[in-house]
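Undergrad: kindly generate the corresponding structure for this input.
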Amino acid sequence: MTSSVSTANERKGSATEVGTAFLKLGLTSFGGPIAHVGYFRREFVERRRWIDEEHFGQLLGLCQFLPGPASSQLGFSLGLLRAGWPGALAAFVGFTLPSALLMLAFAVSNEFLSGVLGGSAVHGLKLVAVAVVAQGVLGMARTLTPDPPRAMMAAVSAGLVIVSGGAWMQLLVVAGGALLGPWLCRPISTSATSGSGTLGSATSGFPSSGSPIAPFETPAAAFSLPYGRRLGAVLLLSFALLLALALLVAPTTSPTGRVAGAFFRAGALVFGGGHVVLPLLEHSVVAPGWIDNGTFLAGYGAAQALPGPMFTFAAFLGERLHYGPGGISGAIVGLLAIFLPGFLLVAGALPYWQTLSAKDTTARSLAGVNAAVVGLLAAALYDPVWVSAVKGPSDFAIALIGFVLLASWKWPAWATVLWCVLASTLRGLP
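TA: The predicted structure is shown next:
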């Protein structure tokens, strides 16, 4: 598609228009972040023509470069360009609210699933997590560790996290990936990564900015923003200050402050897609005993069957917490804290994207981070996912079939959830 939309005219809409469009997507966008990008492109590039192909591709590249939920950041940015700050807020609410309410409803009803059949169904959701995370590790490994140095970085990262068992090691391996990336990661051609399962390859018709290196191969297009670099710098500094508070101050404050800090840390340090939030949240809420491991994995499995962003898993966790606010207040705290860092980053970086994207060192550091993230998710596949869910041969068989349905038969996630829950429930019949 040619650039039929002028960037000067991008911000020509209302918050109501943006909210309505994203509410529709929040109700129908099944399939995870890869599929979300395809829905966004079809809706906003092809049908509504809010943005042209070039700018959409560059916007996607920025959202993949930054930590946070890439599809939610992309939606937030599209709303920002279309209708300013009210549009950004409307995009977030419209896209997030349906799945957040569904996860909250599941959290409230979860305590009633205590019988034999209910317990079997919940265990089926844990087996969904095995299949989904295994598919995520496989897909990310193919894309983000295409050569021996990066494969070794992923393997070492996984080993260190599994052996140490500490949240601090997760931060260390990500930082190590960023430092080693410029020396160990060579650029990849766009054609080498096309169709490899990244966000960019999932949507045909625009530049393959979903590869680890491709977003930096051409200069970024300029965006028509309702603010300039000064406010961008304020937003980035706000992110840095809040992250410092979440890391250093929040663990010593009130229960609500600790919970908010835990979710903020998870949202601020997620590289490589929604599945990577699993190990970060597990260390944040399961390790200190705020929620039990079985409930955690059941909620993660349920999140796979819903439309909208995977980060709404935070609503379930916040409601189920045995510590801090809990209930609806806990769900709200979890949701806002986990999404806020990604939105501060993308809004702050937008005015600087053209300069940042041209640096080769940036691309190589990101490639190193992505390799470490593969190891992080592989470690989570072992513990807590496998250790908590697979208790015998029948569990292994159900999870293995679920994995094959996802990876080879290309079943949607909700259908795989249905298989695992039904199989586990039928097995539990007297």
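Undergrad: flag the shaky bits of the stretch 301-430 of the chain, pLDDT-wise.
TA: Counting by pLDDT under 70, the ranges of the stretch 301-430 of the chain that qualify are 354, 357-358, 430.
Undergrad: same thing with the stretch 101-250 of the chain?
TA: Applying pLDDT under 70 to the stretch 101-250 of the chain picks out residues 111-116, 166-167, 187-222.
Undergrad: what's the next secondary structure element after the longest helix along the chain?
TA: Determined from DSSP state H, the single longest helix within the chain is helix 70-110. As assigned by DSSP states H and E, the chain's next helix or strand after helix 70-110 is helix 116-144.
Undergrad: so what secondary structure elements neighbour the helix or strand following that following helix?
TA: Going down the chain from helix 116-144, the next helix or strand is helix 148-164, by DSSP H and E. Helix 148-164 sits against helix 116-144, helix 167-184, helix 360-380, with contacts defined as 3 or more C-beta pairs under 8 Å, 6 or more residues apart in numbering; DSSP states H and E. In this view, the C-beta of every residue, glycine as well, is placed from N, C-alpha and C.
Undergrad: just to revisit the earlier point, what helices or strands is the longest helix of the chain leaning on?
TA: Here helix 70-110 touches helix 15-28, helix 32-40, helix 53-65, helix 293-303, helix 313-320, helix 327-349, going by 3+ C-beta pairs under 8 Å, 6+ apart.
Undergrad: by how many degrees do that helix and helix 293-303 diverge?
TA: Counting by axes from the mean of the first three to the mean of the last three C-alpha atoms, to 10 degrees, helix 70-110 points 120 degrees away from the direction of helix 293-303.
Undergrad: about what we covered before: redo the helices and strands packed on helix 70-110 as a markdown table? Include mean neighbour count and distance to residue 412.
TA: Listed next are those as a markdown table, based on neighbours: other C-beta atoms under 10 Å; distance: least, C-beta to C-beta, whole Å:
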| stretch | mean neighbour count | distance to residue 412 |
| --- | --- | --- |
| helix 15-28 | 20 | 12 |
| helix 32-40 | 22 | 9 |
| helix 53-65 | 24 | 22 |
| helix 293-303 | 24 | 14 |
| helix 313-320 | 28 | 18 |
| helix 327-349 | 23 | 24 |
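Undergrad: and those as TSV, adding distance to residue 418?
TA: As requested, the helices and strands packed on helix 70-110 are exported to TSV (distance: least, C-beta to C-beta, whole Å):
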stretch	distance to residue 418
helix 15-28	18
helix 32-40	16
helix 53-65	30
helix 293-303	11
helix 313-320	19
helix 327-349	25
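Undergrad: quick one: closest of the ones you listed to residue 100.
TA: helix 313-320 (4.6 Å; C-beta to C-beta).
Undergrad: burial measure for the closest residue in space to residue 300 that isn't next to it in sequence, as a count.
TA: Of all residues not flanking residue 300 in the chain, residue 129 sits nearest, at 5.0 Å (C-beta to C-beta, 6 or more residues apart in numbering). For residue 129, the neighbour count with other C-beta atoms under 10 Å is 30.
Undergrad: and residue 129, what does it touch?
TA: Neighbouring residues of residue 129 by C-beta atoms under 8 Å, 6 or more residues apart in numbering: 278, 297, 300, 301, 304, 385, 389.
Undergrad: burial check on the first one, number of neighbours?
TA: Think residue 278. Quick note: residue 278 (other C-beta under 10 Å) scores 27 neighbours.
Undergrad: same check on the fifth one?
TA: When counting by other C-beta under 10 Å, one arrives at 25 neighbours for residue 304.
Undergrad: ok, and the closest non-adjacent residue to it?
TA: residue 413 (4.3 Å).
Undergrad: the one you found is in contact with residue 132, isn't it?
TA: Yes. Using C-beta atoms under 8 Å, residue 413 makes contact with residue 132 at a distance of 6.6 Å.
Undergrad: need the residues touching each of those two.
TA: Common neighbours of residue 413 and residue 132, using C-beta under 8 Å, 6+ apart, are 304, 406.
Undergrad: so those two - more neighbours on which side?
TA: residue 132 (28 against 24).
Undergrad: OK, contacts around the residue nearest to residue 27 when sequence neighbours are not counted?
TA: In space, and not counting its chain neighbours, residue 27 is closest to residue 98: 5.0 Å by C-beta to C-beta, 6+ apart. Neighbour list for residue 98: 23, 26, 27, 306, 307, 308 [criterion: C-beta under 8 Å, 6+ apart].
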